[in-house]
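Student: Got a sequence here, can you build the structure:
(4 chains)
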Protein chains: 2
Amino acid sequence: MIAPLPRDPIADAQRNWEEHGWADVAAPMAAITAIMRTQQILLARIEGALKPFGLTFARYELLALLSFARSGALPMNKASALLQVHPTSVTNAVDRLESAGLVARSPHPTDGRTTLIELTAEGRTVAKSATAVLNTEVFGQSGFAQEDLDQLIRILGSFRRNAGDFTD
Amino acid sequence: MIAPLPRDPIADAQRNWEEHGWADVAAPMAAITAIMRTQQILLARIEGALKPFGLTFARYELLALLSFARSGALPMNKASALLQVHPTSVTNAVDRLESAGLVARSPHPTDGRTTLIELTAEGRTVAKSATAVLNTEVFGQSGFAQEDLDQLIRILGSFRRNAGDFTD
DNA sequence: TCCGAACCCTTGGATGTCCTAGTATATTGC
DNA sequence: GCAATATACTAGGACATCCAAGGGTTCGGA
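Tutor: Numbering: from 1, shown residues only, chains lettered A, B, ... in the order given. Purely as a prediction, here's the structure:
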């Protein structure tokens, strides 16, 4: 743990922005910087909770996605689209999960270009355990008030839609 | 640009959580996942805007921090604390900025353990230009409504305080 | 005074992300 | 039917982050 700062560095940055004549964008600057920092804090908590399973957040997300797939298998490109990461990131995650024996690659029955990824029995077990731990250790102790969660989901959902993530 | 998904994948995940008996943590799960994704989108925009300057966000943040320092110089550990990143990340950023001639290392006058980083004239110019571009291209077009910015700053500020970032 | 503890920075390693380019397979259009 | 275009995955490279460990400097108590 690092010693806490006496003052909020982002609030200071916001003040600096206002004092330099950029008051019109000081608020979005502060909000965006806060999002970056919050993500960093949350990611550290998540990775800490997943460490005992030999998982990272990227790998966990893939496992969780597969565990919810009806057929239990997904094409790499589908996983890439749903997780909204670059295809090479999925290749990377699958490589490691496959080495760990948690997923398996198999050829697509009709499209020779496509590779399917499928949970192994162990992968399904690990996904279940990891989800339980994340739920209790991270999501269950997020520190966000209920009404703030609603606000976050609404605000960020709107942002993501405007950014072109989905058309829903 | 990737084709938008027909449905919000995070809203789907939230539904999955509710259907699997984890309704009590479905909202924090969704909010946290949304923060991760939003950070990714914002980071991509920022890096895109900084690319013409040969800067990344990490390096920009360091330049900006130095440009606001009264003395124009900061010890590495101070920069690490204010930017809230690991000391090795600062070492990395300084290495690259120094190679680019934007900052310079100098020994601390009284403490032999400490290294000071200082903006060069060119570094100060680049910082100014990059800030102008970020302000107009990213912060000025964040896509957040004014009242939502206030909410974000409040909610995330509270979260960061609880997480031990500052005591303010 | 002096040695151990504390602090500062750097090196090396592991991971994740993205981009670019290359190979293989499908689909499309003439 | 075949060539051109599009799609799917992977290899290699650039960067960022963190952790663990090492070497140098300073501080503090016996």
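Student: Which positions in chain A make contact with DNA strand C?
Tutor: A:56, A:58-59, A:85-86, A:88-89, A:92-93, A:96, A:110-113 (CB under 7 Å from any atom of the strand). To be clear about C-beta, it is placed using only N, CA and C from the backbone, and glycine gets the same treatment.
Student: Can you lay out these as JSON lines showing distance to A:G143 and secondary structure?
Tutor: Shown next, in JSON lines, are the residues of chain A next to DNA strand C (distance: CB to CB, whole Å; DSSP: H, G, I helix; E, B strand; the rest coil):
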{"residue": "A:T56", "distance to A:G143": "22", "secondary structure": "coil"}
{"residue": "A:A58", "distance to A:G143": "23", "secondary structure": "helix"}
{"residue": "A:R59", "distance to A:G143": "25", "secondary structure": "helix"}
{"residue": "A:V85", "distance to A:G143": "26", "secondary structure": "coil"}
{"residue": "A:H86", "distance to A:G143": "31", "secondary structure": "coil"}
{"residue": "A:T88", "distance to A:G143": "34", "secondary structure": "helix"}
{"residue": "A:S89", "distance to A:G143": "28", "secondary structure": "helix"}
{"residue": "A:N92", "distance to A:G143": "31", "secondary structure": "helix"}
{"residue": "A:A93", "distance to A:G143": "28", "secondary structure": "helix"}
{"residue": "A:R96", "distance to A:G143": "30", "secondary structure": "helix"}
{"residue": "A:T110", "distance to A:G143": "48", "secondary structure": "coil"}
{"residue": "A:D111", "distance to A:G143": "45", "secondary structure": "coil"}
{"residue": "A:G112", "distance to A:G143": "49", "secondary structure": "coil"}
{"residue": "A:R113", "distance to A:G143": "45", "secondary structure": "coil"}
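Student: low-scoring pLDDT stretches of chain A, where are they?
Tutor: A:1-2 (pLDDT under 70).
Student: So which elements touch the longest helix seen in it?
Tutor: The helix that spans the most residues within chain A, counting by DSSP state H, is helix A:23-50. For helix A:23-50, the elements it packs on are helix A:9-19, helix A:57-68, helix A:121-137, helix B:23-50, helix B:121-137, helix B:146-162, judged by 3 or more CB pairs under 8 Å, 6 or more residues apart in numbering or on different chains; DSSP states H and E.
Student: May I see the buried residues of it?
Tutor: The neighbour-count criterion (16 or more other CB atoms under 10 Å in any protein chain shown) identifies A:25-39, A:41-43, A:45-46, A:49-50 as the buried residues of helix A:23-50.
Student: Also stretch A:127-135?
Tutor: A:127, A:130-131, A:134-135.
Student: Run the contact check for the longest helix of chain A versus DNA strand D.
Tutor: Yes. Against DNA strand D, helix A:23-50 shows contacts by CB under 7 Å from any atom of the strand at A:40, A:44.
Student: roughly how far is that helix from the heart of the chain?
Tutor: 13 Å (CA atoms, centre = their mean, to the nearest Å).
Student: isn't there a strand covering A:R105?
Tutor: Yes. Under DSSP: H, G, I helix; E, B strand; the rest coil, A:R105 sits within a strand.
Student: tally of neighbours for it?
Tutor: 14 (other CB atoms under 10 Å in any protein chain shown).
Student: From A:N92, how far out is the closest residue to it other than its chain neighbours?
Tutor: With sequence-adjacent residues excluded and distances taken as CB to CB, 6 or more residues apart in numbering or on different chains, A:R105 is closest to A:T115, at 5.3 Å. Separation of A:T115 from A:N92 (CB to CB, to the nearest Å) stands at 14 Å.
Student: likewise A:D168?
Tutor: Counting by CB to CB - A:D168 and A:N92 are separated by 28 Å.
Student: same question, A:L42
Tutor: Relative to A:N92, and taking CB to CB, A:L42 is found at 21 Å.
Student: wait, the residue nearest to A:R105 sits on A:P107?
Tutor: Yes. Using CB atoms under 8 Å, A:T115 is in contact with A:P107, at 6.6 Å.
Student: Those two: who's more crowded?
Tutor: More crowded of A:T115 and A:P107, by other CB under 10 Å: A:T115, with 16 against 11.
Student: contacting residues for the residue nearest to A:L42 when sequence neighbours are not counted?
Tutor: In space, and not counting its chain neighbours, A:L42 is closest to B:I32: 5.4 Å by CB to CB, 6+ apart. The contact partners of B:I32, by CB atoms under 8 Å, 6 or more residues apart in numbering or on different chains, come to A:42, A:46, A:138-139, A:142.
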